[in-house]
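Enquirer: can't give you the sequence, but here's the structure:
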């Protein structure tokens, strides 16, 4: 019932007229990269109950995710299959999100900001009787190659094709995926100290100075990107052949960041896929 109440409240906020839009709403409207959560533990009891498992769960839910908060109240999560929900603000302080997929089905946080006008959203968790403060750090994406990550045209590869594709069409779809994640890893290299393989829909393994292939089963998300299981298998074979035949030779100065190196590898794979 409380989820329904929250959804109705968000919908009412989103449907308000332009003159009712508050300052926070305008400032938060746009494309965002969620960098990391910072826990603010006040005592030994909170340190004891806030385990590594809880921290890992939080990062898995929202860390290094791409989101869009449109001024009309639409909330978009650009992860796996694109999820849309509603968002709004309350009393120049609270941000609420509803129905927007994993991590944002029922999200409520306080708005504040760090230095240089960078916003943060403070979420409170109830863990074993303790109210633990979690501060999410965000980066607004307004320019550069990273803007492509939020472009619907650049995300069309997420949509399952309506009919079987030729080998050439599948190669182009794979190249689009590889190019997308090349930009994503470049953003991570600039803004984050970690990345999460779970964010990547391609069946890839990331090693020190190398990329390899994962074995997948019929439940893997990669299969959902193609018309049929047979086509997904064919696409997997095409990707595997390209990965196995690639030779990476980058300057040593670019090997100081794994994320930057992965970005360059993925970009090269995208080019080789459609040669």
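Expert: Structure's in. What do you need? This one's a predicted model, so the numbers in the text were calculated from it and none came from an experiment.

Enquirer: mind listing what's buried along stretch 25-42?
Expert: Buried residues in stretch 25-42, counting neighbours by 16 or more other Cβ atoms under 10 Å, are found at 25, 28, 29, 31, 32, 33, 34, 35, 36, 37. Where C-beta positions appear, they are placed from N, C-alpha and C, glycine not excepted.

Enquirer: can I get those residues in CSV including pLDDT?
Expert: Formatted as CSV, the buried residues of stretch 25-42 follow (pLDDT from 0 to 100):
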residue, pLDDT
25, 91
28, 93
29, 95
31, 97
32, 97
33, 96
34, 95
35, 92
36, 90
37, 91
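
Enquirer: and residue 119, how close does it get to residue 148?
Expert: Distance from residue 119 to residue 148, counting by Cβ to Cβ, to the nearest Å: 23 Å.

Enquirer: which one of those two is surrounded by more residues?
Expert: Neighbour tally, residue 119 and residue 148, criterion other Cβ atoms under 10 Å: the higher count belongs to residue 119, 18 against 15.

Enquirer: what's the closest non-adjacent residue to the more buried one?
Expert: Nearest residue to residue 119 in three dimensions, chain neighbours excluded: residue 113, at 4.9 Å (Cβ to Cβ, 6 or more residues apart in numbering).

Enquirer: touching, that neighbour and residue 122? I think so.
Expert: No: if you go by Cβ atoms under 8 Å, residue 113 and residue 122 don't touch, sitting 10.8 Å apart.

Enquirer: am I right that residue 105 is in contact with residue 83?
Expert: No: between residue 105 and residue 83 no contact is recorded; they are 9.4 Å apart, counting by Cβ under 8 Å.

Enquirer: just the element for residue 242, please.
Expert: helix 229-245 (DSSP states H and E).

Enquirer: how about the next helix or strand after that helix: buried residues?
Expert: Tracing the chain past helix 229-245, the next element assigned as helix or strand by DSSP H and E is helix 258-273. If you call a residue buried by 16+ other Cβ under 10 Å, then helix 258-273 has these buried ones: 258-270, 272-273.

Enquirer: please apply the same query to stretch 209-228.
Expert: Going by neighbour count (16+ other Cβ under 10 Å), the buried part of stretch 209-228 is 211, 213, 220, 222, 223, 225, 226, 227.

Enquirer: what's the span of that stretch, first residue to last?
Expert: Length of stretch 209-228, first residue to last, Cα to Cα, to the nearest Å: 33 Å.

Enquirer: in what helix or strand does residue 212 lie?
Expert: Going by DSSP H and E, residue 212 is in strand 210-213.

Enquirer: what about the stretch 101-250 of the chain, any weak spots by pLDDT?
Expert: For the stretch 101-250 of the chain, applying pLDDT under 70 flags the ranges 114-117, 250.

Enquirer: tell me the strands beside the helix or strand harbouring residue 97, with direction?
Expert: Per DSSP H and E: residue 97 is located in strand 94-98. Using DSSP bridges, strand 94-98 pairs in its sheet with strand 83-90 (antiparallel), strand 106-113 (antiparallel).

Enquirer: of those strands, which is nearest residue 164?
Expert: Closest approach to residue 164 among the strands paired with strand 94-98 is made by strand 83-90 (26.9 Å; Cβ to Cβ).

Enquirer: pull the distance from that closest one to the chain's centre.
Expert: Distance of strand 83-90 from the chain centroid (Cα atoms, centre = their mean, to the nearest Å) equals 16 Å.

Enquirer: quick one: mean pLDDT over that strand.
Expert: The average of the pLDDT scores along strand 83-90 is 94.

Enquirer: still on that earlier bit, tell me which residues are up against the strand holding residue 212.
Expert: The contact list for strand 210-213 (Cβ atoms under 8 Å, 6 or more residues apart in numbering) reads 203-205, 239-240, 243-244, 246, 248, 262, 265-266, 269.

Enquirer: nearest residue to residue 202 other than its sequence neighbours?
Expert: The shortest distance from residue 202 to any non-neighbouring residue, by Cβ to Cβ, 6+ apart, is to residue 177 (5.7 Å).
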